[in-house]
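Enquirer: Structure, please.
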Amino acid sequence: MSTDRIDETRIKETTDFHGHWCPGLAIGIRAAEWVLKEMGKSPDEEIVAVVETDMCGVDAIQYLTGCTFGKGNLIHKDYGKNAFTFYRRRDGKAMRLVLRPTIYGDTGPLMRKLHHKMQAEGLSQEEEKTWKDTRAAISKRIMDSDMAGVFEFKAPESPVPKKARILASLICESCGEPVMETRTRRFNDQVLCIPCFDAAEKR
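Expert: Numbering: from 1, shown residues only. Predicted structure coming up:
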């Protein structure tokens, strides 16, 4: 394995962190592999990851790159795309990695069919084996392909996000719980948290 590749020990650690091995985790490992090679691991908030999905691969990006929700340098945009943008603050280096659908080969339609059947009514023993074998084959293809075969590389669509800010908390006047000031809502001259605001609107 090339020295630019994440080694088997780290892959196992990432799999243990996530809970299982799957194509989604493989996608995240390869995205992390790119950023570690091209930008390095994030000390504090130096590297920022903007992920356009909440799929399995985001766990790999968190575990391997140092970009985390807690530090504010892992930002989720709920677009449902296997796309990951990385920024390096000190010099403005940035890149958006978009998964190539061709990485699934000719297995895409089969996987969609089995996935829908699994959710609707479950799979037969034979279908379960096909599901597992196909996912394993896709995962292997993702891990074995060169980076350009896995991702399309594009210029980011937005500038580097601002650094995370520590903001004041206010007390929700309905439930009494502290809530970040920027997440409060006003209803009938009351300061409310979002759940209490939503509940008040429905009354």
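
Enquirer: rest of the way, CA atoms for contacts and neighbours
Expert: Noted.

Enquirer: In terms of helices and strands, where is the residue most central in space within the chain?
Expert: The centre of the chain sits closest to residue 58, judged by CA atoms, centre = their mean, with a distance of 2.8 Å. Per DSSP states H and E, residue 58 falls inside helix 57-65.

Enquirer: what packs against the helix or strand following that helix?
Expert: Of the helices and strands lying after helix 57-65 in sequence (DSSP H and E), the nearest is strand 74-76. If contacts are counted by 3 or more CA pairs under 8 Å, 6 or more residues apart in numbering; DSSP states H and E, strand 74-76 sits against strand 47-51.

Enquirer: returning to what we had before: the residue nearest to the centre of the chain - nearest residue in space that isn't next to it in sequence?
Expert: Nearest non-adjacent residue to residue 58, counting by CA to CA, 6 or more residues apart in numbering: residue 28, 5.9 Å away.

Enquirer: What count of nearby residues applies to the one you found?
Expert: If you count neighbours by other CA atoms under 10 Å, residue 28 ends up with 25.

Enquirer: so it, which of the three states?
Expert: Counting by DSSP: H, G, I helix; E, B strand; the rest coil, the backbone at residue 28 sits in helix.

Enquirer: Contacts for the helix or strand bottoming out on mean pLDDT in the chain next, please.
Expert: Least confident helix or strand of the chain, by mean pLDDT, DSSP states H and E, is helix 108-120 with a mean of 87. Applying CA atoms under 8 Å, 6 or more residues apart in numbering, the external contacts of helix 108-120 come out as 123, 127, 131, 134.
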